[in-house]
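Chemist: predicted model follows, preceded by the sequence.
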Amino acid sequence: MNEMDAQQLARSFVSSVDSSNVRNDLSPYLAAANASLRKEELNEGESGYTITKPNGKHIITVNSQEIEQRQRFTICHEIAHIILDLASSHEEVPSWAYAKRDPNEVVCDTFAAELLMPYKQWLSALPNKEPSLQLIQHMAEAFGTSYPAAASRFASLSDIPCAFVTMERSTVRYAVRSTPLRRVGAWVGTKSSIPVGSLSHKLREAGVNATDELEVAQDIWFDNWGKGLELWELARHYQQTDTTIALLWFDSDDLPEVEIDRFGVRVEDDGGLVELTGELPWPGRSKRR
């Protein structure tokens, strides 16, 4: 199962329950998953797990020591395992880390995001404003999620050219692109070093918790991109975990007019046939003998 499949299944699941008060009450999701909730003090780094009884009833246990946003995400993540019938794999890899994570866990994160921030509610609640630190924090508080989760959701559902990038240590691990960016084949290279010249690189080099916003060259972030244009980068670095996240965006007028093939790859102009002008090109200097 891929993330697109999980997204569609999650939206179908959300539409089948009353999610109007999901910000304050996740019980409709629990009931639909035939699950009950238990909160206990678990070991540090252990967010939660699910036990299934012989009668088919599921018991989701979350770590009461973690903050509310983390607990809410864990509940929805465990519901994803139940609904998608995917085995858990929580061995020694932090939930925020994409490196070496089991694909099932990444898919369940996608499902959980759809439950916590239902896309119809998200779009209706999103202010018609330029992206900003204040806007992302506002949406995070409105849906009871973390700042990174809200920033990622903003990028995935935005109608402007933008991307959300997750970095661990010095490496780009994951990128979410908006539909306008996908349409023009704009790629953020993963498994590569955080690009020098980016705000993310600057914040990580400083070695402290920090958030900032800066205008940078587009070709710093996007592979095979034309030079001379700029984009906004809103970056945040978490020193304790050595993770960095960035929201990248620019004006729709700065999007290049490109052709994308059926594989989502940009079609480069190789000169092709000369445009017809209506004028005959012959006779030329040379004649056939």
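Modeler: Yep, it's here.
Chemist: now for Arg11, how many residues are close by?
Modeler: Look at Arg11: counted by other CB atoms under 10 Å, it has 16 neighbours. Where C-beta positions appear, they are placed from N, C-alpha and C, glycine not excepted.
Chemist: and the pLDDT at it?
Modeler: Predicted confidence (pLDDT) for Arg11: 97.
Chemist: ok, Lys100 next?
Modeler: Here the pLDDT value assigned to Lys100 is 60.
Chemist: Gly197 is in what secondary structure piece?
Modeler: Secondary-structure element containing Gly197, defined by DSSP states H and E: none, the residue being outside all helices and strands.
Chemist: show the contacting residues for Thr166.
Modeler: When contacts are counted by CB atoms under 8 Å, 6 or more residues apart in numbering, Thr166 touches 98, 148, 152, 172-175, 243-245.
Chemist: one more time with 6 Å, if that's ok
Modeler: By CB atoms under 6 Å, 6 or more residues apart in numbering, the contact list for Thr166 reads 173-174, 245.
Chemist: which of these sits closest to Ala10?
Modeler: When the contacts of Thr166 are compared for distance to Ala10 (CB to CB), Tyr174 wins out at 18.3 Å.
Chemist: follow-up on the earlier one: let me know the closest of the contacts of Thr166 to Gly207.
Modeler: Within these, proximity to Gly207 (CB to CB) peaks at Ile245, which comes in at 16.5 Å.
Chemist: contacting residues around the longest helix seen in the chain?
Modeler: Within the chain, and with DSSP state H defining each element, the longest helix by residue count is helix 68-84. Contact partners of helix 68-84, identified using CB under 6 Å, 6+ apart, comprise 13, 26, 29, 33, 47-48, 50, 58, 60, 62, 88, 108, 111-112, 115-116, 144-146.
Chemist: quick check, distance from it to the centre of its chain.
Modeler: Per CA atoms, centre = their mean, to the nearest Å, the displacement of helix 68-84 from the mean C-alpha position of its chain is 17 Å.
Chemist: give me the three-state assignment for Leu42.
Modeler: Classification of Leu42 using DSSP: H, G, I helix; E, B strand; the rest coil returns coil.
Chemist: ok, and the most crowded of the contacts of Thr166?
Modeler: Taking other CB under 10 Å as the neighbour criterion, Ile245 ranks highest of the contacts of Thr166 with 21 neighbours.
Chemist: please report the distance of Tyr174 from Glu3.
Modeler: With distances defined as CB to CB, to the nearest Å, the gap from Tyr174 to Glu3 amounts to 11 Å.
Chemist: was I right about Phe111 contacting Ala10?
Modeler: Yes: between Phe111 and Ala10 there is a contact under CB atoms under 6 Å: 4.4 Å.
Chemist: helices of this structure, start to end?
Modeler: Using DSSP H, the helices of the chain run over residues 3-15, 27-32, 68-84, 103-116, 119-125, 133-143, 147-157, 179-183, 199-206.
Chemist: buried ones in the fifth one, by neighbour count?
Modeler: In this case it means helix 119-125. Judged by neighbour count using 16 or more other CB atoms under 10 Å, the buried positions of helix 119-125 are 119, 121-122.
Chemist: format the residues you listed as TSV; extra columns: pLDDT and distance to Asp212.
Modeler: Rendered in TSV, the data for the buried residues of helix 119-125 read as follows (pLDDT from 0 to 100; distance: CB to CB, whole Å):
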residue	pLDDT	distance to Asp212
Tyr119	94	29
Gln121	95	30
Trp122	96	26
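Chemist: show me where this structure dips below the pLDDT cut-off.
Modeler: Low-confidence regions of the chain, defined by pLDDT under 70, span residues 90-101, 224, 226, 256-289.
Chemist: pick the one among the contacts of Thr166 closest to Leu135.
Modeler: Ranking the contacts of Thr166 by separation from Leu135, with CB to CB as the measure, puts Ile245 on top at 15.1 Å.
Chemist: residues in contact with Asn209?
Modeler: The neighbours of Asn209, taking CB under 6 Å, 6+ apart as the test, are Gln239.
Chemist: His58: what's it in contact with?
Modeler: 34-35, 50, 52, 82.
Chemist: now for those: which two are most distant?
Modeler: Of all pairs drawn from the contacts of His58, the greatest distance, 11.3 Å, lies between Asn34 and Thr50 (CB to CB).
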